[in-house]
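>>> Task: produce atomic coordinates for the following.
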Amino acid sequence: MNLHTQPALVHERLYLRSPQTVAAARHFTRDTLEVWGRGDRDGEVLLCVSELATNALRHGVPRGRGYLVRLLAFDGTVRIEVHDSGPGLSRIGERPPGRGLLLVDALADAWGVLPRAPGKVVWCEFRLR
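Take a look at the predicted model:
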């Protein structure tokens, strides 16, 4: 994302540490894309939201904490960000990514990990057709 570009649309929701929140994050994303009229790649976007939320729960959300799903739409692109408060940036450099991140890599047009205090933000972007 060009940091000088202001997102046209932003929607976010905080989720508690619970496996049921993965489905809730997926529904939130689907509903947001529908309201925004940006659903032309919704299957890919929803799968990536599920994978990033699952990874946050498994590896990035300590007990008693939650994670944030932020959706942004700008310049014909939808960006998903999953913010967690866990340690580390990613295991990508240390060993091959897990199946979830391999799916994100295959489906998204771009993705990455950014530091956050505390924790990290794992993001992916989809250019709309």
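
>>> Bridged to the nearest residue to residue 68 once chain neighbours are set aside, which residues?
Nearest in space to residue 68, with sequence neighbours left out and distances taken as CB to CB, 6 or more residues apart in numbering, is residue 83 at 4.1 Å. Every residue, glycine included, has its C-beta placed from N, CA and C. Counting by DSSP bridges, residue 83 is bridged to residue 68, residue 121.

>>> And residue 14, by the same measure?
residue 68.

>>> now for the longest helix anywhere in the chain, which elements pack on it?
Counting residues, the longest helix found in the chain (DSSP state H) is helix 21-36. Other helices and strands packing on helix 21-36, by 3 or more CB pairs under 8 Å, 6 or more residues apart in numbering; DSSP states H and E, are strand 9-16, helix 42-55, strand 66-74.

>>> Which of those sits closest to residue 98?
Residue 98 lies closest to helix 42-55 among those, at 7.4 Å (CB to CB).

>>> ok so, going back, possible to save the helices and strands packed on helix 21-36 as TSV with mean neighbour count, mean pLDDT and distance to residue 29?
Conversion of the helices and strands packed on helix 21-36 to TSV gives the following (neighbours: other CB atoms under 10 Å; pLDDT from 0 to 100; distance: least, CB to CB, whole Å):
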stretch	mean neighbour count	mean pLDDT	distance to residue 29
strand 9-16	14	96	9
helix 42-55	21	96	5
strand 66-74	20	96	6
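
>>> Of these, which is nearest residue 99?
Among the helices and strands packed on helix 21-36, helix 42-55 comes nearest to residue 99, with 8.3 Å by CB to CB.

>>> Quick one: list the elements packing against the closest one.
helix 21-36, strand 66-74, strand 77-84, helix 99-107, strand 120-127.

>>> now that helix against strand 66-74, angle please.
150 degrees (axes from the mean of the first three to the mean of the last three CA atoms, to 10 degrees).

>>> and helix 42-55 with helix 99-107, angle?
Using the same axes, to 10 degrees: helix 42-55 against helix 99-107 is 150 degrees.
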